[in-house]
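1. The sequence and its predicted three-dimensional model are supplied below.
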Amino acid sequence: MGKRRKGSRKLGRIERDILKELTLGDMLYAYLLSAKSTGRFYKLAQERATERYRRKKAMERLKEEQYIALVGEHLSITRKGRNAIGELAANTRSLLKNTTWDRKWRVAAYDIPEKYAPLRDKVRDILKTAGFRKLQHSIWIFPHHCEELVQLIKTEGKLGPYILYGVLEQIEEEQLLKKLFRIS
């Protein structure tokens, strides 16, 4: 057997996962940033890899708790998961009465293909139940933190790629939205 060089070691599972998850987007960051800012590239790559790892662990926890299940190659939400979404939607709606507005708007946008129309209808119903307001076709807005709800909706294996979540600091027609949500 050959000797390993001093300071080198075998990569563990987590290190291999992180290296595997580095995507073309990370490489694009490196290309776009100047040569003097490689430290920034590595920091961004590490942040992205860490976020992907955290999401992977969260998915594993959801599977362990039986909120989601693996069906073929896709994840699907279970009855227990649907109940959790209902509770989370009710809790999200209660934020309208019990929480001071942080002056940021949360947006959930979806473009779900026709073949998933029943799931699209369920997403719309969940957002309505949670207190979201329709901003435009398939774009819904809410004035309080609700990322957990949107992420739970996205765990339905077929829907993840079709739903986006974002936070806005300002938006046109803000006065109208403030009236709709009864905030100032």
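-> Cool, the structure landed.
2. how near is Val107 to Glu87?
-> 23 Å (Cβ to Cβ, to the nearest Å). C-betas here are computed from N, CA, C, even on glycine.
3. Over to Ala45?
-> 37 Å.
4. So those two - more neighbours on which side?
-> Ala45 (20 against 10; other Cβ atoms under 10 Å).
5. SS state for the more buried one?
-> helix (DSSP: H, G, I helix; E, B strand; the rest coil).
6. ok, residues contacting stretch 56-74?
-> Applying Cβ atoms under 8 Å, 6 or more residues apart in numbering, the contact partners of stretch 56-74 are 17, 75-78, 80-81, 84, 152, 155, 157-158.
7. mind listing what's buried in that stretch?
-> 62, 67-68 (16 or more other Cβ atoms under 10 Å).
8. and these, which of them are in strands?
-> Ile68 (DSSP state E).
9. Pick the one among the buried residues of stretch 56-74 closest to Ser138.
-> Ile68 (23.6 Å; Cβ to Cβ).
10. element containing the spatially most central residue of the chain?
-> Residue closest to the average C-alpha location in the chain (Cα atoms, centre = their mean): Gln151, at 4.4 Å. Assigned by DSSP states H and E, Gln151 falls within helix 147-154.
11. Check Ala109 too.
-> Using DSSP H and E, Ala109 falls in strand 105-110.
12. What about Asp102, how many residues nearby?
-> Neighbours around Asp102, by other Cβ under 10 Å: 11.
13. Name the residues of the helix or strand just after the helix holding Gln151 that are buried.
-> Under the assignment DSSP H and E, the closest C-terminal helix or strand after helix 147-154 is strand 163-168. Using 16+ other Cβ under 10 Å as the test for burial, strand 163-168 gives 163, 165.
14. and strand 163-168, what other elements does it pack with?
-> Where contact means 3 or more Cβ pairs under 8 Å, 6 or more residues apart in numbering; DSSP states H and E, strand 163-168 is packed against strand 105-110, helix 147-154.
15. Need these in JSON lines (columns: distance to Gln136 and mean pLDDT).
-> Shown next, in JSON lines, are the helices and strands packed on strand 163-168 (distance: least, Cβ to Cβ, whole Å; pLDDT from 0 to 100):
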{"stretch": "strand 105-110", "distance to Gln136": "9", "mean pLDDT": "94"}
{"stretch": "helix 147-154", "distance to Gln136": "17", "mean pLDDT": "84"}
